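S.K.: here is my input; please provide its structure:
(one chain, ligands or ions: 1)
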Amino acid sequence: MKQKFVIEGLAGKKNLNGEIKVNGAKNAVLPLLAAAILLDRPVEFSNVPKIEDVARMLELLKRLGAEFEWTGERILKVDGNQVSNNVLDNDNAKRIRASILLAGPLLARFGKVSFPHPGGCVIGKRPIDLFIEGFEKMGAKVSEVKDKYEITAPKGLVGTEFFFRVSSVTGTETLIMAAVGAKGKTILKNAALEPEVVCLAEFLNSRGAKISGFGTSEIVIEGGHSLGSLNNKTFPVIPDRIEAGSFLILGALAADNLKITNCQPAHLDSLIEALRFSGVAVEVGNDWLAVKNNGKIANEMRRAVNIKTREYPGFPTDLQAPMAVFLTQVTGESSIHETIFEGRLNYTADLEKMGADIKMWDSHRALVKGPTLLKGKELDGPDIRAGLAYILAAIIAEGESVINNAYFIDRGYERIEERLQKIGVKIKRVDCEVC
Ligand code: EPU
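M.R.: This next block holds a predicted model:
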């Protein structure tokens, strides 16, 4: 049964209150689940978000032969050592882009992997040329048979030096996993710096891998160490910085007092800086963020701010759509420059339908004029992050909004409506025959 969200907007009032907890990071747990294939014993992860993308990844792993079990509240035990198959099934792999993460550990372990071009969000071209080139540099042979890539390395992968022409998060993660199982040393240059890459490297090192330099643009991996027997401690998934950032934006837009707990503020410097520049008094603690006494701050007190998405630690592309909603409420002209993906401003047409004043310059750049009072509308959630931006827009709008395709939001956010209800949002999930 399809589902939608129905939201009664606040018509610009800032009266949400309370605490909202951040769950584990989608983009950290997906590579961790893939990495379980490299281990020779089961592993337990904590702080695992119960989201659709995790369910899809577990389905893929199960079809490969892995076993898993929820052993506690958001604690997941995975036995990747049981994996016996190295062919990713088309349907599931095409549903999530992150399926490509499995290629690295499968190739490292079996010397062979077969997968379709991965699917995912409609946010622009999602090539995998860097993955393929990386595997080839490690000695693998790549062929395309029908609609599948067949990659083989019968004598095993060998360490190499690889420069990423374009910094890629899952590219870096995949080649780290391949390199852990390769013979000798691999040096990844212009590697991604994202906290999710660091989380993966720390996990692999905790199980016996020899990875250094993660968190910098040059990562060195000494391959060929067996993984698993050193340590069987439960490994915690880092908090989701995109979820935390979206809640912070929500606080600035619609809360009087909102505390965002269980997060890592250090992962959100670029957003905090942009909000502060605009006039939002963001408070930062060790593992919390807060917006306080915000209810009486008028939009005229918030100034425009220009946003340019960048690789970490720059402004995250995954927060660009939620931030655009914020920009519709500040005074003046703000520009948005999306440098990572080219289809990631399409959602602006829907915000315009709600009354936002947004002019697209080209597929990468837009100008937002504010403040504008948004009006409730019925919208189709287009992808995970724009879907959440629509929820934010609906919360601040006047009147009722309907956000169809709840599935897209469920892909990245666990039971979002229950968590938002607790801070005062009038949101409900509704089954629908067609939506
Ligand atoms: N790129 C290439 N060739 C490749 C791979 C990437 O040209 O082989 C380009 C992409 O087209 C893009 C740029 O490199 O222009 C950066 O893309 P990247 O590879 O870093 O993206 P990704 O690894 O596919 C991850 C997140 C995305 C997030 C991006 C950017 C996961 C599972 N996904 O994607 O998250 O937007 O990094 O930070 O980690 C989301 O969570 O909604 C989401 C889309």
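
S.K.: what sits up against stretch 222-229?
M.R.: Residues from elsewhere that reach stretch 222-229, judged by CB atoms under 8 Å, 6 or more residues apart in numbering: 38-41, 43, 81, 157, 159, 179-186, 204, 207-211. C-betas here are computed from N, CA, C, even on glycine.

S.K.: buried only: go through the residues you listed for me.
M.R.: 38-39, 43, 81, 157, 159, 179-182, 185-186, 204, 207-209, 211 (16 or more other CB atoms under 10 Å).

S.K.: restricted to helices, list the contacts of stretch 222-229.
M.R.: Ala179, Val180, Leu204 (DSSP state H).

S.K.: make sure Ala357 is actually in contact with Leu373.
M.R.: Rather than Ala, residue 357 is Asp. No. Between Asp357 and Leu373 there is no contact under CB atoms under 8 Å: 10.9 Å.

S.K.: ignoring the adjacent residues along the chain, who's closest to Leu420?
M.R.: In this structure, Leu420 finds its nearest non-sequential neighbour in Ile427, 5.2 Å apart by CB to CB, 6 or more residues apart in numbering.

S.K.: that older thread, can you put the ones in helices among the contacts of stretch 222-229 in CSV and add distance to the ligand and pLDDT?
M.R.: Below are the ones in helices among the contacts of stretch 222-229 laid out as CSV (distance: CB to the nearest ligand atom, whole Å; pLDDT from 0 to 100):
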residue, distance to the ligand, pLDDT
Ala179, 16, 98
Val180, 18, 97
Leu204, 16, 97
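
S.K.: can you give the domain ranges for this structure?
M.R.: 3-16+295-431, 26-236 (automatic domain parsing).

S.K.: distance between the ends of the longest one?
M.R.: End-to-end distance for domain 26-236, by CA to CA, to the nearest Å: 13 Å.

S.K.: pull the contacting residues for the residue nearest to Arg365 when sequence neighbours are not counted.
M.R.: Distances taken as CB to CB, 6+ apart put His337 closest to Arg365, at 5.2 Å, once the chain neighbours are dropped. Applying CB under 8 Å, 6+ apart, we find His337 in contact with Asn306, Ile307, Lys308, Thr309, His364, Arg365.

S.K.: and the pLDDT at the second one?
M.R.: You'll see Ile307 listed with a pLDDT of 98.

S.K.: name whatever forms a beta bridge with it.
M.R.: Ile336 (DSSP bridges).

S.K.: before we move on, the earlier item: return the member of the domains of the chain having the minimum mean pLDDT.
M.R.: domain 26-236 (a mean of 93).

S.K.: report the distance from that one to the chain centre.
M.R.: Relative to the mean C-alpha coordinate of its chain, domain 26-236 is positioned 16 Å out (CA atoms, centre = their mean, to the nearest Å).

S.K.: tell me where the stretch 251-400 of the chain has strands.
M.R.: With DSSP state E, counting those that start in this stretch applied, the stretch 251-400 of the chain shows strands at 255-261, 282-284, 288-291, 307-308, 332-337, 357-362, 365-370, 378-380, 400-404, listed in chain order.

S.K.: which parts of the protein sit against the ligand?
M.R.: 26-27, 30, 97-98, 121, 125-131, 166, 168-171, 196, 317-318, 340-341, 384-385, 412 (CB under 6 Å from any ligand atom).

S.K.: going by neighbour count, which of those residues are buried?
M.R.: Here, 16+ other CB under 10 Å leaves 26-27, 30, 97-98, 121, 126, 128, 130-131, 168-171, 196, 317-318, 340-341, 384-385, 412 buried among these.

S.K.: so how far is Gly111 from the residue of the chain most remote from its centre?
M.R.: Computed with CA atoms, centre = their mean, the residue of the chain farthest from its C-alpha average is Lys155, at 34.8 Å. Counting by CB to CB, to the nearest Å, the separation of Lys155 from Gly111 is 7 Å.

S.K.: same question for Thr317.
M.R.: In terms of CB to CB, Thr317 sits 35 Å off from Gly111.

S.K.: could you do Glu283 as well?
M.R.: From Glu283 to Gly111 the distance is 52 Å (CB to CB).
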